[in-house]
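Trainee: Model the following, please.
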Amino acid sequence: MNARIEHLETSGTFSLDGGTWEVDNNVWIIGDDQEVIVIDPAHDAEAVQKQVAGRTVVAILLTHAHDDHIRQVKDVQERIGGQIHLNWDDKVLWEQVYEGTEPDVKLTDGDTFTVAGATLRAIHTPGHSPGSTCFLAEGLEAHPVLFSGDTLFQGGPGATGRSYSSFETIIESIRTKLFSLPAETTVNTGHGPSTTIGEESPKLQEWIDRGH
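Mentor: Numbering: from 1, shown residues only. This is a model prediction of the structure:
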(Lines give C-alpha, C1' and ligand atoms only; values in the text may rest on other atoms or scores of the structure.)
Protein backbone atom coordinates (compact mmCIF):
# COMPACT_ATOMS: atom_id res chain seq x y z
CA MET A 1 0.00 0.00 0.00
CA ASN A 2 1.87 3.05 -1.26
CA ALA A 3 -0.91 5.61 -0.94
CA ARG A 4 -1.17 7.70 2.21
CA ILE A 5 -3.58 10.26 3.64
CA GLU A 6 -2.50 13.86 4.20
CA HIS A 7 -4.62 16.27 6.22
CA LEU A 8 -4.75 20.04 5.91
CA GLU A 9 -7.01 22.28 8.01
CA THR A 10 -8.06 25.61 6.54
CA SER A 11 -10.19 28.43 7.95
CA GLY A 12 -12.75 30.77 6.42
CA THR A 13 -16.49 31.37 6.31
CA PHE A 14 -19.68 29.53 5.38
CA SER A 15 -22.64 31.56 4.07
CA LEU A 16 -26.20 30.43 3.38
CA ASP A 17 -29.73 31.72 3.95
CA GLY A 18 -28.48 35.21 4.75
CA GLY A 19 -26.07 34.19 7.52
CA THR A 20 -22.28 33.85 7.64
CA TRP A 21 -20.28 31.77 10.11
CA GLU A 22 -16.58 31.20 10.78
CA VAL A 23 -15.58 27.60 10.05
CA ASP A 24 -12.52 25.37 9.98
CA ASN A 25 -12.52 22.79 7.19
CA ASN A 26 -10.63 19.55 6.66
CA VAL A 27 -8.90 19.13 3.31
CA TRP A 28 -7.92 15.54 2.52
CA ILE A 29 -5.16 14.59 0.07
CA ILE A 30 -4.72 10.93 -0.88
CA GLY A 31 -1.78 9.62 -2.88
CA ASP A 32 1.96 9.16 -2.96
CA ASP A 33 4.99 11.17 -4.01
CA GLN A 34 3.87 11.21 -7.66
CA GLU A 35 0.06 11.58 -7.76
CA VAL A 36 -2.80 12.63 -5.53
CA ILE A 37 -6.56 13.07 -5.25
CA VAL A 38 -7.72 16.18 -3.40
CA ILE A 39 -11.02 16.17 -1.48
CA ASP A 40 -12.73 19.47 -0.61
CA PRO A 41 -9.90 22.02 -1.08
CA ALA A 42 -11.52 24.70 1.09
CA HIS A 43 -10.64 28.34 1.82
CA ASP A 44 -6.91 28.52 1.11
CA ALA A 45 -5.77 27.76 -2.43
CA GLU A 46 -2.16 28.64 -1.66
CA ALA A 47 -2.00 26.20 1.25
CA VAL A 48 -3.48 23.41 -0.89
CA GLN A 49 -1.00 24.14 -3.66
CA LYS A 50 1.87 24.00 -1.19
CA GLN A 51 0.69 20.65 0.18
CA VAL A 52 0.27 19.13 -3.28
CA ALA A 53 3.78 20.33 -4.07
CA GLY A 54 3.74 19.76 -7.82
CA ARG A 55 2.37 16.22 -7.78
CA THR A 56 -0.02 15.12 -10.54
CA VAL A 57 -3.64 15.69 -9.49
CA VAL A 58 -5.79 12.75 -10.59
CA ALA A 59 -9.03 14.45 -9.50
CA ILE A 60 -10.51 17.13 -7.28
CA LEU A 61 -13.48 15.57 -5.49
CA LEU A 62 -16.18 17.66 -3.82
CA THR A 63 -18.39 16.09 -1.18
CA HIS A 64 -21.01 18.83 -1.69
CA ALA A 65 -21.40 22.40 -2.90
CA HIS A 66 -21.77 24.56 0.20
CA ASP A 67 -19.66 27.64 -0.38
CA ASP A 68 -17.06 26.88 2.29
CA HIS A 69 -16.20 23.70 0.38
CA ILE A 70 -16.18 25.12 -3.16
CA ARG A 71 -15.47 28.86 -3.15
CA GLN A 72 -11.73 28.36 -3.74
CA VAL A 73 -11.93 25.30 -5.95
CA LYS A 74 -11.52 27.14 -9.27
CA ASP A 75 -8.44 28.93 -7.92
CA VAL A 76 -7.12 25.62 -6.62
CA GLN A 77 -7.66 24.02 -10.02
CA GLU A 78 -5.77 26.81 -11.78
CA ARG A 79 -2.83 26.22 -9.45
CA ILE A 80 -2.66 22.40 -9.33
CA GLY A 81 -4.71 21.04 -12.27
CA GLY A 82 -7.15 18.14 -12.12
CA GLN A 83 -10.83 17.91 -13.03
CA ILE A 84 -13.50 19.01 -10.56
CA HIS A 85 -16.09 16.31 -9.75
CA LEU A 86 -19.43 17.16 -8.07
CA ASN A 87 -22.82 15.45 -7.85
CA TRP A 88 -25.06 17.74 -9.90
CA ASP A 89 -27.96 17.38 -7.51
CA ASP A 90 -26.14 20.26 -5.80
CA LYS A 91 -26.55 22.48 -8.86
CA VAL A 92 -28.49 25.18 -6.98
CA LEU A 93 -25.70 25.49 -4.40
CA TRP A 94 -22.89 25.43 -6.97
CA GLU A 95 -24.57 28.19 -8.99
CA GLN A 96 -24.78 30.43 -5.93
CA VAL A 97 -20.98 30.60 -6.19
CA TYR A 98 -20.31 29.91 -9.88
CA GLU A 99 -23.39 31.11 -11.72
CA GLY A 100 -23.72 29.83 -15.27
CA THR A 101 -20.95 27.24 -14.97
CA GLU A 102 -20.72 23.51 -14.29
CA PRO A 103 -18.13 21.24 -12.69
CA ASP A 104 -15.87 19.41 -15.12
CA VAL A 105 -17.47 16.07 -14.29
CA LYS A 106 -20.93 15.40 -12.87
CA LEU A 107 -20.30 12.80 -10.21
CA THR A 108 -22.63 9.82 -9.89
CA ASP A 109 -23.12 7.17 -7.23
CA GLY A 110 -20.61 4.37 -7.68
CA ASP A 111 -17.99 6.34 -9.62
CA THR A 112 -14.49 5.08 -8.82
CA PHE A 113 -11.10 6.76 -8.76
CA THR A 114 -7.68 5.16 -8.49
CA VAL A 115 -4.56 6.82 -7.09
CA ALA A 116 -1.26 5.26 -6.05
CA GLY A 117 -2.81 1.80 -5.77
CA ALA A 118 -5.81 2.93 -3.70
CA THR A 119 -9.39 3.05 -4.99
CA LEU A 120 -12.05 5.52 -3.92
CA ARG A 121 -15.76 4.90 -4.57
CA ALA A 122 -18.41 7.60 -4.52
CA ILE A 123 -21.43 6.94 -2.27
CA HIS A 124 -24.34 9.35 -2.79
CA THR A 125 -25.61 10.29 0.68
CA PRO A 126 -28.19 13.09 0.31
CA GLY A 127 -29.53 14.96 3.30
CA HIS A 128 -27.04 17.65 4.29
CA SER A 129 -27.47 18.72 0.69
CA PRO A 130 -29.16 16.98 -2.26
CA GLY A 131 -25.88 15.91 -3.86
CA SER A 132 -23.84 15.14 -0.77
CA THR A 133 -21.39 12.34 -1.52
CA CYS A 134 -18.97 10.34 0.62
CA PHE A 135 -15.88 8.59 -0.73
CA LEU A 136 -14.92 5.12 0.49
CA ALA A 137 -11.23 4.27 0.11
CA GLU A 138 -9.79 0.77 -0.07
CA GLY A 139 -6.07 0.08 -0.09
CA LEU A 140 -5.03 2.98 2.13
CA GLU A 141 -4.96 1.20 5.47
CA ALA A 142 -5.71 -2.27 6.83
CA HIS A 143 -9.38 -1.25 7.06
CA PRO A 144 -11.62 0.95 4.88
CA VAL A 145 -11.49 4.74 5.17
CA LEU A 146 -14.54 6.92 4.56
CA PHE A 147 -14.29 10.60 3.66
CA SER A 148 -17.70 11.74 4.83
CA GLY A 149 -17.80 15.44 4.02
CA ASP A 150 -20.58 16.96 6.13
CA THR A 151 -22.79 13.85 6.16
CA LEU A 152 -21.38 12.19 9.28
CA PHE A 153 -19.34 13.70 12.10
CA GLN A 154 -18.02 12.55 15.43
CA GLY A 155 -21.20 12.67 17.51
CA GLY A 156 -23.87 12.94 14.87
CA PRO A 157 -25.13 13.69 11.37
CA GLY A 158 -24.41 16.89 9.48
CA ALA A 159 -26.60 19.94 9.93
CA THR A 160 -29.99 19.94 8.22
CA GLY A 161 -31.50 23.19 9.45
CA ARG A 162 -30.85 25.23 6.31
CA SER A 163 -32.13 25.33 2.74
CA TYR A 164 -31.90 22.22 0.54
CA SER A 165 -31.34 19.87 3.49
CA SER A 166 -33.46 17.16 5.15
CA PHE A 167 -33.00 15.46 8.53
CA GLU A 168 -35.06 12.42 7.49
CA THR A 169 -33.02 12.03 4.32
CA ILE A 170 -29.61 12.29 5.98
CA ILE A 171 -30.61 9.74 8.61
CA GLU A 172 -31.73 7.33 5.88
CA SER A 173 -28.47 7.86 3.97
CA ILE A 174 -26.38 7.19 7.06
CA ARG A 175 -28.45 4.20 8.15
CA THR A 176 -28.55 2.42 4.81
CA LYS A 177 -25.31 3.45 3.12
CA LEU A 178 -22.78 4.18 5.86
CA PHE A 179 -23.71 2.04 8.84
CA SER A 180 -23.58 -1.04 6.63
CA LEU A 181 -19.79 -0.50 6.40
CA PRO A 182 -17.43 -2.42 8.71
CA ALA A 183 -17.32 -1.07 12.27
CA GLU A 184 -13.59 -0.44 12.03
CA THR A 185 -14.02 1.93 9.06
CA THR A 186 -12.30 5.24 9.81
CA VAL A 187 -14.48 8.29 9.13
CA ASN A 188 -12.53 11.38 8.07
CA THR A 189 -14.95 14.29 8.26
CA GLY A 190 -15.39 17.68 6.60
CA HIS A 191 -14.97 19.51 9.90
CA GLY A 192 -13.58 18.44 13.26
CA PRO A 193 -12.05 15.16 14.45
CA SER A 194 -12.23 11.78 12.79
CA THR A 195 -14.28 8.89 14.15
CA THR A 196 -15.27 5.34 13.16
CA ILE A 197 -18.44 3.68 11.99
CA GLY A 198 -18.34 1.53 15.13
CA GLU A 199 -18.28 4.60 17.37
CA GLU A 200 -21.21 6.29 15.65
CA SER A 201 -23.61 3.50 14.64
CA PRO A 202 -24.90 2.73 18.17
CA LYS A 203 -26.13 6.32 18.40
CA LEU A 204 -28.53 6.14 15.45
CA GLN A 205 -31.74 5.70 17.43
CA GLU A 206 -30.70 8.47 19.80
CA TRP A 207 -30.29 10.83 16.87
CA ILE A 208 -33.67 9.84 15.47
CA ASP A 209 -35.36 10.33 18.83
CA ARG A 210 -33.72 13.70 19.28
CA GLY A 211 -34.61 14.76 15.73
CA HIS A 212 -33.54 18.15 14.47
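Trainee: Run through the helices of this protein in chain order.
Mentor: 45-52, 67-70, 73-80, 91-97, 167-173, 197-200, 204-210 (DSSP state H).
Trainee: now the ones you listed in TSV, with distance to residue 143?
Mentor: Placement of C-beta: from N, CA and C, glycine included. Below are the helices of the chain laid out as TSV (distance: least, Cβ to Cβ, whole Å):
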stretch	distance to residue 143
helix 45-52	25
helix 67-70	26
helix 73-80	29
helix 91-97	32
helix 167-173	21
helix 197-200	10
helix 204-210	21
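Trainee: Of the ones you listed, flag the one that's most buried.
Mentor: Among the helices of the chain, helix 67-70 has the highest mean neighbour count (mean count of other Cβ atoms under 10 Å), at a mean of 24.
Trainee: what residue ranges in the protein score low on pLDDT?
Mentor: Within the chain, the ranges that satisfy pLDDT under 70 run 1, 212.
Trainee: how about the residue nearest to residue 29 when sequence neighbours are not counted, what does it touch?
Mentor: In this structure, residue 29 finds its nearest non-sequential neighbour in residue 6, 4.1 Å apart by Cβ to Cβ, 6 or more residues apart in numbering. Residue 6 makes contact with 28-31, 36, 51, according to Cβ atoms under 8 Å, 6 or more residues apart in numbering.
Trainee: Same check on residue 14?
Mentor: Residues near residue 14 by Cβ under 8 Å, 6+ apart: 20-21, 23, 66-68.
Trainee: Widest-spaced pair of the contacts of residue 6?
Mentor: 30 and 51 (11.8 Å; Cβ to Cβ).
Trainee: Could you report the neighbour count for residue 12?
Mentor: Neighbour count for residue 12, taken as other Cβ atoms under 10 Å: 16.
Trainee: these two touch, right, it and residue 43?
Mentor: Yes - between residue 12 and residue 43 a contact is recorded at 3.5 Å, counting by Cβ atoms under 8 Å.
Trainee: Quickly list what's touching both of the two.
Mentor: Common neighbours of residue 12 and residue 43 (criterion: Cβ under 8 Å, 6+ apart): 25, 68, 71.
Trainee: hmm, back to that, nearest to residue 202 among the contacts of residue 6?
Mentor: With Cβ to Cβ as the yardstick, the closest approach to residue 202 among these comes from residue 28, at 25.5 Å.
Trainee: need the contact list for residue 195.
Mentor: Contacts of residue 195 by Cβ under 8 Å, 6+ apart are 152-155, 186-187, 189.
Trainee: Bridge partners for it, pull those for me.
Mentor: residue 187 (DSSP bridges).
Trainee: Kindly indicate which of the contacts of residue 6 lies nearest residue 196.
Mentor: residue 28 (16.1 Å).
Trainee: who does the closest one bridge with?
Mentor: Using DSSP bridges, the beta-bridge partners of residue 28 come out as residue 7, residue 39.
Trainee: Can you tell me the number of residues neighbouring it?
Mentor: Residue 28 has 24 nearby residues by other Cβ under 10 Å.
Trainee: show me what contacts it?
Mentor: Contacts of residue 28 (Cβ under 8 Å, 6+ apart): 5-8, 38-40, 147, 188.
Trainee: Filter those down to the buried ones.
Mentor: Buried positions within the contacts of residue 28, assessed by neighbour count (16 or more other Cβ atoms under 10 Å), are 5, 8, 38-40, 147, 188.
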